[in-house]
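[1] quick one: sequence and predicted model below, then my questions.
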Amino acid sequence: MIKELISLSKKFLPNRLKKYTKFTFLRTIYNFKKGIMRIKSNIKKETSELLIDAESINLNWIFHDEDWIRVINRKQHREKVRQDLPLDVIDNWQEVTEEVNLIDNGEIEVNGETKTNDEWVYLYLDSNDYNWRNFSWQFSVCRESFFRELQFGFRYKDFYNRYRFRFENNRIFFDEVRKGTFYNNIASVKFPMELGVWYDVRIDIFGNNFKLYVDGNLKMNEYDFKNYFEEGSIALILWEDKEMYDIKCKFGPMHIYSLESIN
């Protein structure tokens, strides 16, 4: 096929194009085929399987706030977790309060009134029911007050084990929480999240590579070469610690896609 193309090019192309060597022509064909493969790869990614569509189904979010026993006793719990000792407590189940509105179409509205210097809104999906390895987590978010911390946990195991991208103090951080120890600011970039502005967020998790996109722009591209957490679920965590700002934030419906590759 390639030989026939070269032969035809010599017969029909203008003289100024006949100067192309066989190598140049083959290189052109190679680049063309490579471009087609890249397009196919992107199409494959865009049409990957939709695992979760929160607009169609109600996700079983588990809710906690500052009264959660994991939060209240986190220092002593972490020490036991580090030593691989069992926790001698029964976790407390909490009903969703009026602070959080889980809307039927998959949207989430958080309107938490700050009453102490340690206020939490904690939503996660149980990793026993939702457990993914390679996936793309996509949603929109609008922050409506200057509470301290907004974080998105992924490959979430539990309160003491997870990866996270964290928005705080006009920056985005990549952190790991392992056995209750917080490895904060492994990497960070500047990002002032404005109030009242909707942002499209996409987190791609593939193997040990984690990418964060905001409005289609790649903001962070991180790796965990030890691959501590190979699979897990997701979590939304909001925190205020200075009794200054109410925790107000809105989230669009969550969508989870399987990933067969990552660009």
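    Right, received. Where do you want to start?

[2] would you confirm that residue 65 contacts residue 123?
    No - in this structure, residue 65 is not within contact of residue 123 by C-beta atoms under 8 Å, at 10.1 Å. Any C-beta I mention is one placed from the backbone N, CA and C, and that applies to glycine too.

[3] of those two, which one has the most company?
    Using other C-beta atoms under 10 Å as the criterion, residue 65 and residue 123 rank with residue 123 on top: 21 against 18.

[4] now residue 96, nearest residue through space, not along the chain?
    Excluding the flanking residues, the one nearest residue 96 by C-beta to C-beta, 6 or more residues apart in numbering is residue 63, at 4.3 Å.

[5] and the one you found, how far is that from residue 99?
    9 Å (C-beta to C-beta, to the nearest Å).

[6] quick check: neighbours shared by these two?
    Counting by C-beta atoms under 8 Å, 6 or more residues apart in numbering, the common neighbours of residue 63 and residue 99 are residue 121.

[7] centroid residue for the chain?
    The centroid of the chain falls nearest to residue 203 when counting by C-alpha atoms, centre = their mean (3.0 Å).

[8] where does that residue sit: helix, strand or coil?
    strand (DSSP: H, G, I helix; E, B strand; the rest coil).

[9] confirm that the residue nearest to residue 96 sits in a helix.
    No - per three-state DSSP, residue 63 lies outside any helix segment and is strand.

[10] just list the residues touching it, thanks.
    So residue 63 contacts 94-97, 100, 121-123 (C-beta under 8 Å, 6+ apart).

[11] which of those has the most neighbours?
    Ranking these using other C-beta under 10 Å puts residue 121 first, with 25 neighbours.

[12] nearest residue to it in space, please, no chain neighbours.
    Take residue 121 and drop its neighbours on the chain: the residue closest to it by C-beta to C-beta, 6+ apart is residue 238, 4.3 Å away.

[13] is residue 250 within a helix or a strand, and which one?
    Per DSSP states H and E: residue 250 is located in strand 247-251.

[14] please apply the same query to residue 213.
    strand 209-214.

[15] list of residues touching whichever helix or strand comes after that strand?
    The C-terminal neighbour of strand 209-214 among helices and strands, as given by DSSP H and E, is strand 217-223. Defining contact as C-beta under 8 Å, 6+ apart, one finds that strand 217-223 is touched by 165, 172, 174, 186-187, 189, 191, 208-213.

[16] circling back: the residue nearest to residue 121 against residue 147, yeah?
    Yes - with contacts counted by C-beta under 8 Å, residue 238 reaches residue 147, the gap being 6.2 Å.

[17] give the intersection of the neighbour lists for these two.
    247, 249.

[18] what's the weakest-modelled helix or strand in the chain?
    Least confident helix or strand, the chain: helix 22-46 with a mean of 41, by mean pLDDT, DSSP states H and E.

[19] list the contacts of residue 179.
    Contacts of residue 179 by C-beta under 8 Å, 6+ apart are 78, 81-82, 84, 160-161.

[20] repeat that for residue 214.
    191, 199-201.

[21] those: which two are farthest apart?
    191 and 200 (13.7 Å; C-beta to C-beta).

[22] now, among the contacts of residue 63, which is nearest to residue 58?
    Using C-beta to C-beta, these come closest to residue 58 at residue 96, 12.1 Å.
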